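Visitor: Build me a model:
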Amino acid sequence: MTAWEYFVAPLLEHNPGEILNTFGDDGWELISVVAQPTPSGAVSTVAYMKRQKPA
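Guide: Presented below is the predicted three-dimensional model:
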């Protein structure tokens with residue numbers, strides 16, 4: 001069975017593509033991007049990623 005590890009990262013609005021490309025270079029696969037409300041009433045964009053655990 002394949003074992004996965006997961007990572008949740010905030011995406012900065014000024015350059016999300018570069019941020020995601022950097023994670024992709026490290027082997028992370030993007031699963032989803034979600035805009036989540038913060039306690040202060042703002043919105044935070046968060047990326048959920050996964051990659052296969054080393055054997």
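
Visitor: Next, the residue nearest the centre of the chain: secondary structure please.
Guide: Taking Cα atoms, centre = their mean, the centroid of the chain lies closest to A47, which sits 2.9 Å from it. Following DSSP: H, G, I helix; E, B strand; the rest coil, the label given to A47 is strand.

Visitor: List the contacts of it.
Guide: Going by Cβ atoms under 8 Å, 6 or more residues apart in numbering, A47 touches 8-11, 16, 19-20, 23, 30, 32-33. The C-beta positions use only the backbone N, C-alpha and C, and glycine is treated the same way.

Visitor: And for M49, the neighbour number?
Guide: Using other Cβ atoms under 10 Å, M49 has 20 neighbouring residues.

Visitor: give the contact list for it.
Guide: Counting by Cβ under 8 Å, 6+ apart, M49 has contacts 6-9, 23, 28-31.

Visitor: What about those, which are in helices?
Guide: Members of the contacts of M49 lying in helices (criterion: DSSP state H): F23.

Visitor: buried subset of the contacts of M49?
Guide: Buried by 16 or more other Cβ atoms under 10 Å: 9, 23, 28, out of these.

Visitor: list the contacts for the residue lying closest to T45 once chain neighbours are set aside?
Guide: Closest residue to T45 apart from its sequence neighbours, by Cβ to Cβ, 6 or more residues apart in numbering: L11 at 4.4 Å. If a contact means Cβ under 8 Å, 6+ apart, then L11 has 19-20, 33, 45-47 as its contacts.

Visitor: Show the model's pLDDT score for L11.
Guide: pLDDT recorded at L11 is 90.

Visitor: can you tell me how far it sits from G17?
Guide: To G17, L11 is 9 Å away according to Cβ to Cβ, to the nearest Å.
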